[in-house]
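J.: Provided below for reference: sequence and predicted model.
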Amino acid sequence: MIHTHKELLRVVAHQLFNTEKPQINSRDFSAILNEAKSQTVFSTVFPFFRDALQKDHPQKYLKYQELFLGNIIVNTNNLAEHDELHRLMTENGIPYCILKGIASAYYYANPALREMGDVDFLVAEEDFERTKQAVLGAGFAVDHGDDADSIHTAYKRLPNSILEQHRSVNGIPDGEVGERIKAELGRTIETSVSITLDGAACRIPDDFHHGLVMLLHVVSHMTSEGIGLRHLCDWAVFVNKLGSGKFKSLFEEKLGSFGLWRFAQILTMVCERHLGIAQMDWAQCESVTDGQLDAVMEDILNGGNFGKKDMNRYREIKYISNRGTRTVDDKNIVSQVFATLNRKTYTDHPWTERHKLLLPAGWMLEGGRYIGLLASGKRKSKGTSSMLKEASKRKDIYSKMKLFEI
């Protein structure tokens, strides 16, 4: 792990969990703050440096203070949008529940330290069209996802308001386990609770459903483009606030039946090791090594929030996880490449799936198409070797998490 990452983690741990105050060399301030921006934890980190920057580096202070104030404005507007959405849904008699965002900020000792983005909310399928009309009537316009099979519909309103109306959440696998998870998530709205946070009223999931939504969200993005440090902080403050006994009683049986208990243990052990939360008895897993925990932490930091630090991560996903099941098995990268090639061949040339003996012919057609894309400049070959090497490394990390395995 590079020096900047180590120092950033020390500052975040102090800000969120009051660990021992780190002594940071002033020459590292800019690198740490820039990294915090990539990880979407700038609002958490900047207050730690504010006084020293103002005193010793006034020009840098003005630059970063402006960015911090911009985040405060975004958060303030975001809270107002949550409150507006709550009134809109209440007036129209539509049951709903917020996902992530303010629901995650609720568990922070100081919610202002949690940077906000879009307003994500869940409604039942039978209320989907009625909700859409209510949102459009409030001055929003559809931005994308307005299809019957889309997991959400996104709306925009000038200048910067974004709502995402969900019919489900990301990260649910296919198969029996996925059906069990869907059945549990079907209770999210009815078990939701009403809160008021910094003057904004809304409904958020109860503890169990919020934890489940977070885990699924992390699985979905971690095994594709990346999650960033903010998501790990959300998990850390959540687990820390619930405490060991309550978490175990709420989650162990159900997460075990979903194949997510080991994943919850690993994420929590990473938080213990790198963010300084209290050790949770339920999370201790002897088969998980410190090296594995460090590898997970490095993977999070190397990608940045939704992979913004490395766009190759979008290419890597097809060499890491199994489509549909969202699982990451322990087959080597060569086998995964062939599995990916087969899936694409079956999709592009359905006759190869009906007549498996013709599969090699499908491979040749796919190869010809790829060569044509390279020749036309529509596909770049540069970086493919390093991308496959990184994909292999990430696949090894995720396969040890045994995602959705019972």
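T.: Cool, the structure landed.
J.: now do stretch 125-140, average pLDDT.
T.: Mean pLDDT, stretch 125-140: 95.
J.: got a list of contacts for it?
T.: 84, 88-89, 92, 94-96, 123, 142, 153, 155-157, 161, 163, 165, 167 (CB atoms under 8 Å, 6 or more residues apart in numbering). All C-beta spots, glycine's among them, are computed from the backbone N, C-alpha and C.
J.: among these, the buried ones, what's the PyMOL command?
T.: Command for PyMOL that selects the buried part of the contacts of stretch 125-140, burial taken from 16 or more other CB atoms under 10 Å:
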select buried, resi 84+88+89+94+96+123+153+155+157+161+163+165+167
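J.: so where is the chain shaky, pLDDT-wise?
T.: 305-344, 346, 362-363, 366-367, 370-385, 387 (pLDDT under 70).
J.: distance of Thr19 relative to Ser224?
T.: Note on Thr19: its distance to Ser224, by CB to CB, to the nearest Å, is 31 Å.
J.: actually Leu88, not the one I typed
T.: Taking CB to CB, one finds Leu88 at 32 Å from Ser224.
J.: so for Thr19 and Ser224, which sits in the more crowded spot?
T.: Neighbours per residue, other CB atoms under 10 Å: of Thr19 and Ser224, the larger number sits with Ser224, 21 against 15.
J.: and that one, helix, strand or coil?
T.: State at Ser224, reduced to three classes by DSSP: H, G, I helix; E, B strand; the rest coil: coil.
J.: i'd like the first residue to be 12 from this point on
T.: With the count now opening at 12, the last piece we talked about shows up as Ser235.
J.: do a quick rundown of the strands in this protein.
T.: For the chain, the strands defined by DSSP state E cover 108-110, 130-133, 152-155, 163-168, 172-177, 204-208, 211-215.
J.: need the contact list for Val204.
T.: 214-217.
J.: now those residues: which count as buried?
T.: Applying 16+ other CB under 10 Å to the contacts of Val204 flags 214-216 as buried.
J.: can I get the residues you listed in TSV with distance to Ile183?
T.: Formatted as TSV, the buried ones among the contacts of Val204 follow (distance: CB to CB, whole Å):
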residue	distance to Ile183
Arg214	21
Ile215	20
Pro216	15
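J.: which of those residues lies closest to Arg125?
T.: Closest approach to Arg125 among these (CB to CB): Ile215, at 13.3 Å.
J.: phi, psi of the residue nearest to His220 when sequence neighbours are not counted?
T.: In space, and not counting its chain neighbours, His220 is closest to Thr199: 4.5 Å by CB to CB, 6 or more residues apart in numbering. Note on Thr199: its backbone torsions stand at phi -60, psi -40 [degrees, to the nearest 10].
J.: and Thr199, how far is that from Leu253?
T.: For Thr199, the distance to Leu253 - CB to CB - is 18 Å.
J.: ok so, going back, mind putting the strands of the chain into CSV with distance to Ala91?
T.: Shown next, in CSV, are the strands of the chain (distance: least, CB to CB, whole Å):
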stretch, distance to Ala91
strand 108-110, 14
strand 130-133, 10
strand 152-155, 19
strand 163-168, 12
strand 172-177, 9
strand 204-208, 12
strand 211-215, 7
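J.: tell me which of those lies nearest to Tyr409.
T.: Using CB to CB, the strands of the chain put strand 108-110 closest to Tyr409, at 23.3 Å.
J.: packing partners for that closest one?
T.: With contacts taken as 3 or more CB pairs under 8 Å, 6 or more residues apart in numbering; DSSP states H and E, strand 108-110 sits against strand 130-133, strand 211-215.
J.: and it, which strands flank it?
T.: Note on strand 108-110: by DSSP bridges, its sheet partners are strand 130-133 (antiparallel).
J.: got the CA positions of the strand it pairs with in CSV?
T.: C-alpha atoms of strand 130-133 as CSV (Å, rounded to 0.1, in the frame of the first residue of the first chain):
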residue,chain,number,x,y,z
VAL,A,130,-31.5,10.5,-4.2
ASP,A,131,-32.2,6.8,-4.6
PHE,A,132,-35.6,5.5,-3.5
LEU,A,133,-37.5,2.2,-3.7
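J.: what sits against the closest residue to Leu78 other than its chain neighbours?
T.: Excluding its sequence neighbours, the residue lying closest to Leu78 (CB to CB, 6+ apart) is Phe53, at 6.6 Å. Residues counted as contacts of Phe53 (CB under 8 Å, 6+ apart) are 44, 47, 78-79, 82, 126.
J.: buried ones among the residues you listed?
T.: 44, 47, 79, 82, 126.
J.: so can I have a markdown table of those showing distance to Leu147?
T.: Below are those laid out as a markdown table (distance: CB to CB, whole Å):
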| residue | distance to Leu147 |
| --- | --- |
| Leu44 | 40 |
| Ala47 | 37 |
| Phe79 | 34 |
| Asn82 | 29 |
| Glu126 | 28 |
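J.: coming back round to it: show me which of the buried ones among the contacts of Val204 is closest to Ala114.
T.: Of all the buried ones among the contacts of Val204, Ala114 sits closest to Ile215, with 3.9 Å by CB to CB.
J.: was I right to think the closest one contacts Ile109?
T.: Yes: taking contacts as CB atoms under 8 Å, Ile215 lies within contact range of Ile109: 5.0 Å.
J.: which residue is the nearest non-sequential neighbour of Lys48?
T.: Per CB to CB, 6+ apart, closest to Lys48 is Leu78, 7.3 Å.
J.: separation between that neighbour and Glu416?
T.: From Leu78 over to Glu416 (counting by CB to CB), the distance is 42 Å.
J.: top helix in this structure by residue count?
T.: helix 69-102 (DSSP state H).
J.: for that one, which positions count as buried?
T.: Buried residues in helix 69-102 (16+ other CB under 10 Å): 71-72, 75, 79, 82, 86, 89-90, 92-97, 99-100.
J.: need the contact list for Ala211.
T.: 90-91, 93-94, 97, 113.
J.: switch the cut-off to 6 Å
T.: When contacts are counted by CB atoms under 6 Å, 6 or more residues apart in numbering, Ala211 is found next to 90, 93-94.
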